[in-house]
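Trainee: what follows is a predicted protein model with its sequence.
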Amino acid sequence: MNITLTQKYQFSAAHRLHSDFLNADQNIQLYEKCNNWNGHGHDYTLYVSVKGQPHPLTGMIIPLEQFDSIVKKTLDKLDYKHLDKEVDIFKDDISTSENIIQFLWKSLEKDLKNVELFHLKLWETNNNYFELGGEH
């Protein structure tokens, strides 16, 4: 029987929404205030869900300390960073939340062992969030 475990995490990061494939007017029209030259920041909330079978000796699908350590390793790559200037992947990819959540998935999936990364939910603001994975 597979069990799902979800943990909540927070990180802060700045970014500027800007496409090199658009001219200045198009960027402003598309991204509006999020195209501010100096960028802007968010306090992101991330829900990470994994699924697996409980270990027969511990009754857990993954020790919480191990789970937290894996997620923290990934979030440390983003936390208190200007994504476009300090995180290599976002020097080429636009730092939309759609791309951020894909980065998180790839990084977490690589480090998780003996459990399956099941679902991510990334809150960018109080009004919008992005989801990846899960059984929909």
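Mentor: Alright, I've got the coordinates.

Trainee: just give me the longest helix of the chain.
Mentor: Scanning the chain for the longest helix, with DSSP state H as the assignment, gives helix 97-111.

Trainee: helices and strands around it, which ones?
Mentor: strand 40-52, helix 64-75, helix 89-92, strand 116-123, strand 129-133 (3 or more C-beta pairs under 8 Å, 6 or more residues apart in numbering; DSSP states H and E). For every residue, glycine as well, the C-beta is placed using N, CA and C.

Trainee: between the ones you listed, which one is nearest to T58?
Mentor: Closest approach to T58 among those is made by helix 64-75 (10.8 Å; C-beta to C-beta).

Trainee: now the helix or strand just after the closest one: mean pLDDT?
Mentor: With elements assigned by DSSP states H and E, the helix or strand that comes after helix 64-75 is strand 81-82. Confidence over strand 81-82, taken as the mean pLDDT, stands at 98.

Trainee: who's in contact with strand 81-82?
Mentor: Applying C-beta atoms under 8 Å, 6 or more residues apart in numbering, the contact partners of strand 81-82 are 13-15, 39, 87.

Trainee: buried ones in the helix or strand bottoming out on mean pLDDT in the chain?
Mentor: Least confident element among the helices and strands of the chain, by mean pLDDT, DSSP states H and E: helix 89-92 (a mean of 94). Neighbour-count burial for helix 89-92 flags F90 (criterion: 16 or more other C-beta atoms under 10 Å).
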